[in-house]
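1. Have a look at this prediction, sequence included:
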Amino acid sequence: MKVTKAQVQANRAHIVETASTLFRQRGYDGVGIADLMAVAGFTHGGFYKHFGSKADLMAEAATCGFAQTAAKAEGVDAIEFVKYYLSREHRNARGEGCTMAALCGDAARQPESIKTAFAAGAESLLANPANQFDTPGETDRGGDARARRIEVIAQAIGAIVLSRACPDDSPLADEILDVCRAALLSKLSSTTVGSSGSQIN
């Protein structure tokens, strides 16, 4: 039976989504093409009908992951987003979590096409004045808002990366999340945060 153009596109999208999850779980070097295609439900040889190389898929999978994170954040205010982002739930869910936090270290060692995809993903966060990391009502004056976004995003991603580098049952893994979550909430809110009961001004 001849495969329709729509089915080809659907198959390709499924491979990209599967790769996005597997790459976040295992890293780029931890996923081979044969393994990826098996998980997606296709033969190894079918890969090259859709992609020129693994690097091409890696770039597309990264873009897919960024879009998934943006969709999850849609309509969620900054406070709630930070609470979730710097939580155990997100830390432990690599495959469904933020692509930046899962793969930035890997991307730094990859070809320029992968780095370009990551730069575009970061830029999409920074360029959108309504992104989830902004303080409500904040306007960009002389680049100040963009600089604050960079600071918040980098701290959030770094906290997840550092926490994940610790053993899963390590108290330090939780401490890193707790400290950074409190610090970021203090930038975004004037309400009481954390367990100390202190008022953030």
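-> Yep, it's here. Computed from a predicted model, the values in this text were never measured in an experiment.
2. quick one: contacts for the spatially most central residue of the chain?
-> In the chain, the residue lying closest to the centroid (CA atoms, centre = their mean) is residue 98, at 2.1 Å. Contacts for residue 98 were tallied using CB atoms under 8 Å, 6 or more residues apart in numbering; they are 65, 69, 85, 90, 157, 160. For every residue, glycine as well, the C-beta is placed using N, CA and C.
3. Looking at those residues, which gets the smallest pLDDT?
-> Here the lowest pLDDT out of the contacts of residue 98 sits on residue 69, with 86.
4. how much space between that residue and residue 178?
-> 22 Å (CB to CB, to the nearest Å).
5. Let me have the contacts of residue 98 in JSON lines, adding secondary structure, distance to residue 40 and neighbour count as columns.
-> JSON lines is the format used below for the contacts of residue 98 (DSSP: H, G, I helix; E, B strand; the rest coil; distance: CB to CB, whole Å; neighbours: other CB atoms under 10 Å):
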{"residue": "65", "secondary structure": "helix", "distance to residue 40": "16", "neighbour count": "27"}
{"residue": "69", "secondary structure": "helix", "distance to residue 40": "21", "neighbour count": "19"}
{"residue": "85", "secondary structure": "helix", "distance to residue 40": "28", "neighbour count": "28"}
{"residue": "90", "secondary structure": "helix", "distance to residue 40": "25", "neighbour count": "19"}
{"residue": "157", "secondary structure": "helix", "distance to residue 40": "28", "neighbour count": "17"}
{"residue": "160", "secondary structure": "helix", "distance to residue 40": "27", "neighbour count": "24"}
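6. Out of these, flag the one nearest to residue 120.
-> Distance ranking of the contacts of residue 98 against residue 120, using CB to CB, places residue 65 first at 12.0 Å.
7. ok, now which ones touch the closest one?
-> If you count contacts by CB under 8 Å, 6+ apart, residue 65 has them with 20, 23-24, 98-99, 102-103, 121.
8. Lowest-confidence member of those, which is it?
-> Per-residue pLDDT puts residue 121 lowest of the contacts of residue 65, at 91.
9. Kindly provide the distance from the residue nearest to the centre of the chain to residue 2.
-> Remark: distance between residue 98 and residue 2 (CB to CB) = 40 Å.
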